[in-house]
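A.B. asks: Build me a model:
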Amino acid sequence: MNAKMADPATAISNGLVVDRVTVRRAGVGVVRDASLTAEPGEVTVVLGANGAGKTSLLESISGLIRLSSGHVLFNDVELSSKPRSVRARLGLAHVQQGRAVFPELTVKENLLVAAPSESLSRAYEVFPDLERLASAQAGLLSGGEQQMLVIARALIVQPRLLMIDEMSLGLAPTIVRRLFDVVAECAASGMAVLLVEQFRSLALAYGSQAYVMARGRIEYSGPAEALKDSPDLLVDLYLGRKSQVP
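C.D. replies: Below you'll find the model as predicted:
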């Protein structure tokens, strides 16, 4: 597999900056004063227990939900008030949780939703299985094949920032590792990758920087390697018993 989806020469210099973002749902703060960065050429991972606010944070970055306060900047462009379509044109791609394929369409038709036919070779280069399955109905694919499809659909437009929410959920370990390899290759090509993930050990092994959320707050910000070597600290952070953020 070769995830040559971005030219390092054109990669953004500043990446993603999330500055003191708060998100409320039904008046409740699900993300609270959260700040993070995602740099080009790196896999940045966001960890945390269910309900910690990880999905809401990604949705606020891509424009699915509104910020209550704070700022989101991408390549020095303020995104906080911009619609999703503008964010996408600026290079943000968001693979949401749940493998949202168009089930009645074929694999090829799912890809054509995102890009013209001359771009399909990019998707097939990253996931050769999809070319073999091009005429198959997407709703009949396995979970792993559907996850390949939604990631390929995001990559086909050559994003500068790829955000993936719970990539490994419900998948076999061999498929998960294959997907992580693709994510690593995307980062190596100059892309910024922001990954919300439940598979902590692999996420920390592949990630450069890590953040841990608990009860809507960022409780840790630092090298992924440091968390990988400190499992007790990671448990404390998940439970909100300790913070490594000043």
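A.B. asks: I'd like to know which elements the helix or strand of the chain with the lowest mean pLDDT is packed against.
C.D. replies: Least confident helix or strand, the chain: helix 231-238 with a mean of 88, by mean pLDDT, DSSP states H and E. Helices and strands touching helix 231-238, by 3 or more C-beta pairs under 8 Å, 6 or more residues apart in numbering; DSSP states H and E, are strand 43-48, strand 209-214, strand 217-223, helix 224-228. To be clear about C-beta, it is placed using only N, CA and C from the backbone, and glycine gets the same treatment.
A.B. asks: Could you dump the ones you listed into a markdown table and include mean neighbour count and mean pLDDT?
C.D. replies: Output for these, formatted as a markdown table (neighbours: other C-beta atoms under 10 Å; pLDDT from 0 to 100):
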| stretch | mean neighbour count | mean pLDDT |
| --- | --- | --- |
| strand 43-48 | 26 | 97 |
| strand 209-214 | 25 | 96 |
| strand 217-223 | 19 | 95 |
| helix 224-228 | 18 | 93 |
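A.B. asks: Using TSV, lay out these together with distance to Leu36.
C.D. replies: Output for those, formatted as TSV (distance: least, C-beta to C-beta, whole Å):
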stretch	distance to Leu36
strand 43-48	7
strand 209-214	5
strand 217-223	7
helix 224-228	13
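A.B. asks: what comes up buried for the least confident helix or strand of the chain?
C.D. replies: 233-234, 236-238 (16 or more other C-beta atoms under 10 Å).
A.B. asks: Contact partners for Asp19?
C.D. replies: 35, 70-73 (C-beta atoms under 8 Å, 6 or more residues apart in numbering).
A.B. asks: Check Thr106 and give its pLDDT.
C.D. replies: Looking at Thr106, its pLDDT is 97.
A.B. asks: Who is it paired with across the strands?
C.D. replies: Gln137 (DSSP bridges).
A.B. asks: need the helices for this protein, in chain order.
C.D. replies: 54-62, 84-89, 107-112, 120-126, 128-132, 143-155, 173-188, 200-206, 224-228, 231-238 (DSSP state H).
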